[in-house]
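S.K.: Sequence first, then the predicted structure:
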Protein chains: 2
Amino acid sequence: MSADPSARRGIPDATVARLPEYLRALTGLAERGITSVSSEELASAAGVRSAKLRKDLSHLGSYGVRGVGYEVDHLAYQISRELGLTQDWAVAIIGMGNLGHALAAYSGFATRGFRVVALLDQDAGLLGQEIAGLTVQPMTALDELVAEQGLAIGVIATPAASAQAVCDQLVAAGVRSILNFAPCVLAVPDDVDVRKVDLSTELQILAFHEQRKALAAEGSLGGLDGNLDGSLGPVPKAVNR
Amino acid sequence: MSADPSARRGIPDATVARLPEYLRALTGLAERGITSVSSEELASAAGVRSAKLRKDLSHLGSYGVRGVGYEVDHLAYQISRELGLTQDWAVAIIGMGNLGHALAAYSGFATRGFRVVALLDQDAGLLGQEIAGLTVQPMTALDELVAEQGLAIGVIATPAASAQAVCDQLVAAGVRSILNFAPCVLAVPDDVDVRKVDLSTELQILAFHEQRKALAAEGSLGGLDGNLDGSLGPVPKAVNR
DNA sequence: TAGATTGTTAATCGATTAACAATC
DNA sequence: TAGATTGTTAATCGATTAACAATC
């Protein structure tokens, strides 16, 4: 009802998911020396419609100036603050296989706001090994990491078979935010947040649409639309063009 | 209106995004020798409500038996077919840094339905190097890969700065499905599909919720809710518990 | 038949969009 | 003031959910 910041209480999930993209776009503008931006320009940089951008920003407060636009630095700061990036979050990566190894070295994890404080593995063979400047530790180090480093986010990069056990240990140690790269569903208490990144799921979604396109192209070879007659159409003989 | 398979024409995006999880759950059941499953059981394995599962499956057709449930193998096959996994899709990974290297070796990419046929890099220094059984090729190999191997899906694992150029080359070569790991928005024609996997975005979304929890915990120390009086509340002095 | 479970309906909820009054 | 652009409204669209008739 009001536009005041207490409306912050409930920012829609869909909006929260887009804030990082807005922040990235603003950072890019700032680097190019641009100090002011309209919703139209910022939306275009972030790949959304301007109406959606303005609606999203309206959930944070009223940080623009009518007739002028948004001050780049100020808006970036407000979004950072809303996302909780004005502090550093301690992150641990668990599972030092190919993926965990790459994540440890990946710069995406060194973004402002996050600090990788530990690399863990269940395999005794990897312990003590040095990766990206950190020494691989056993899972038993978790309690101490939470108590002394304020570990808040766990990244699971283990095989699916061990992911739930690792997750249980994270939760037992007090970690309440988990990023799961293992291809499986994790069971957690209500107060724990899990986000999942799943490569094969993404590929499968792409495959669905790619198949659609291939079938549509096939159909259009014989006319406007192979199914204008209302039939069920041919058995979809998928092709690799 | 009708339940016939021609309703396949428009499967909601939200449903498509969940099909891979259902398929994974069914594969798991099949491996354990289970041949029949109810919507309640399958939903629980996939981490959704049974009503949502039944609604999702109703978009594919009528593959269950009232009073009995679903035949595991049959349903798995129907979902596979719908997702386009009954054929093999040729995949190329572009950018052989840490992440690309890990993706090349990652088993998630070797899922049934996909075949990594090429690893590409712009850096001449990496060319010829062998990774996971494949030789790193230059970007100029793209046209041939599309023509001769039916390359359909490109995975961009380059730094953000080169992602758009790589994307343009993929599109020019005829690739219409792209999985983007670079932290940037890609501009593509309407007929090209881009899905994005962004590690730092995921972390930032987790940070948002983690901050919420920390503030809620702090607030509840002093009573039921620090803002019952309708004030704007204290300046959120974020803490690392 | 009696019991079980699907597939569908209808209500609810949340997200998107276009339009425009407010206002710099 | 005139021009520009925000923040908000209201309409639309799509997704979720619970309930239940259909039916094995």
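M.R.: Received it, and whenever you're ready, just let me know what you need. Note that the structure is a prediction, hence the values are computed from the model and not measured.
S.K.: Briefly note if the least confident helix or strand in chain A by mean pLDDT comes near DNA strand D.
M.R.: Lowest mean confidence among the helices and strands of chain A (mean pLDDT, DSSP states H and E): helix A:199-221, at a mean of 89. No. Figure legend: helix A:199-221 not in contact with DNA strand D (CB under 7 Å from any atom of the strand); closest approach 12.6 Å. (C-beta placed from N, C-alpha, C; glycine too.)
S.K.: where's the residue in chain A positioned nearest to DNA strand C relative to residue A:38, distance?
M.R.: Of all residues in chain A, residue A:67 sits closest to DNA strand C, at 2.3 Å by CB to the nearest atom of the strand. Distance of residue A:67 to residue A:38, given as CB to CB, to the nearest Å: 10 Å.
S.K.: what's the answer for residue A:10, then?
M.R.: Taken as CB to CB, the span from residue A:10 to residue A:38 is 27 Å.
S.K.: Among the two, which residue is more densely surrounded?
M.R.: residue A:38 (15 against 8; other CB atoms under 10 Å in any protein chain shown).
S.K.: which residues touch that one?
M.R.: Going by CB atoms under 8 Å, 6 or more residues apart in numbering or on different chains, residue A:38 touches A:50, A:69, A:70.
S.K.: Including pLDDT, could these go into a markdown table?
M.R.: Formatted as a markdown table, the contacts of residue A:38 follow (pLDDT from 0 to 100):
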| residue | pLDDT |
| --- | --- |
| A:50 | 98 |
| A:69 | 98 |
| A:70 | 98 |
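S.K.: residues in contact with residue A:216?
M.R.: No contacts exist for residue A:216 under CB under 8 Å, 6+ apart.
S.K.: should've said residue A:42
M.R.: Counting by CB under 8 Å, 6+ apart, the residues that residue A:42 touches are A:22, A:25, A:26, A:29, A:50, A:53, A:70.
S.K.: Quick check: the fifth one touching residue A:56?
M.R.: Right, residue A:50. No. Counting by CB atoms under 8 Å, residue A:50 does not reach residue A:56; the two are 10.5 Å apart.
S.K.: The two: which is more packed in?
M.R.: More crowded of residue A:50 and residue A:56, by other CB under 10 Å: residue A:56, with 23 against 15.
S.K.: out of the contacts of residue A:42, who's near DNA strand D?
M.R.: A:50, A:70.
S.K.: out of the contacts of residue A:42, who has the most neighbours?
M.R.: Neighbour max across the contacts of residue A:42 (other CB under 10 Å) = residue A:26, 26 neighbours.
S.K.: what pLDDT does that one get?
M.R.: On the pLDDT scale, residue A:26 is placed at 98.
S.K.: what helix or strand does it sit in?
M.R.: According to DSSP states H and E, residue A:26 maps onto helix A:13-31.
S.K.: in what helix or strand does residue A:92 lie?
M.R.: Counting by DSSP H and E, residue A:92 is found in strand A:89-94.
S.K.: what sits up against that strand?
M.R.: For strand A:89-94, using CB under 8 Å, 6+ apart, the contacting residues are A:100, A:103-104, A:109, A:113-121, A:139, A:142, A:145, A:149-158, A:166, A:170, A:175, B:203, B:207, B:210, B:240.
S.K.: now, which of the residues you listed lie within helices?
M.R.: Among the contacts of strand A:89-94, the members falling in helices (DSSP state H) are A:100, A:103, A:104, A:142, A:145, A:149, A:166, A:170, B:203, B:207, B:210.
S.K.: got CSV for those residues, with distance to residue A:130 too?
M.R.: CSV is the format used below for the ones in helices among the contacts of strand A:89-94 (distance: CB to CB, whole Å):
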residue, distance to residue A:130
A:100, 14
A:103, 16
A:104, 10
A:142, 20
A:145, 18
A:149, 18
A:166, 22
A:170, 23
B:203, 23
B:207, 27
B:210, 29
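S.K.: Show the contacting residues for residue A:37.
M.R.: Counted by CB under 8 Å, 6+ apart, residue A:37 has contacts A:26, A:29, A:69, A:70, A:72, A:75.
S.K.: hmm, back to that, ok, the contacts of residue A:38 vs residue B:189, which is closest?
M.R.: residue A:50 (21.5 Å; CB to CB).
S.K.: excluding its backbone neighbours, what's nearest that closest one?
M.R.: Sequence neighbours aside, residue A:43 is the residue nearest to residue A:50 in space, at 4.1 Å (criterion: CB to CB, 6 or more residues apart in numbering or on different chains).
S.K.: How about residue A:18?
M.R.: For residue A:18, the spatially nearest residue (CB to CB, 6+ apart) is residue A:56, at 5.8 Å.
S.K.: ok, what's across the strand from residue A:178?
M.R.: Beta-bridge partners of residue A:178, counted by DSSP bridges, are residue A:154, residue A:194.
S.K.: quick one: pLDDT of it?
M.R.: 98.
S.K.: wouldn't it be in contact with residue A:151 here?
M.R.: No. Between residue A:178 and residue A:151 there is no contact under CB under 8 Å: 11.6 Å.
S.K.: Would you mind splitting chain A into its domains for me?
M.R.: Residue ranges for the domains of chain A, per automatic domain parsing: A:5-83, A:89-197, A:203-241.
S.K.: Distance to residue B:82 for these - can I get that in TSV?
M.R.: TSV is the format used below for the domains of chain A (distance: least, CB to CB, whole Å):
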stretch	distance to residue B:82
domain A:5-83	26
domain A:89-197	19
domain A:203-241	7
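S.K.: Need the winner for burial among those domains.
M.R.: domain A:89-197 (a mean of 19; mean count of other CB atoms under 10 Å in any protein chain shown).
S.K.: do that domain and DNA strand D meet?
M.R.: No. Judged by CB under 7 Å from any atom of the strand, domain A:89-197 makes no contact with DNA strand D; its nearest approach is 13.8 Å.
S.K.: quick check, distance from that domain to the centre of its chain.
M.R.: Relative to its chain's centre, domain A:89-197 lies at 16 Å (CA atoms, centre = their mean, to the nearest Å).
S.K.: Stretch A:60-72 now?
M.R.: 26 Å.
S.K.: Stretch A:166-173 near chain B anywhere?
M.R.: No. Using CB under 8 Å from any CB of the partner chain, stretch A:166-173 never reaches chain B; the gap is at least 12.6 Å.
S.K.: quick one: average pLDDT of that stretch?
M.R.: pLDDT averaged over stretch A:166-173 gives 98.
S.K.: Over to stretch A:85-99?
M.R.: 95.
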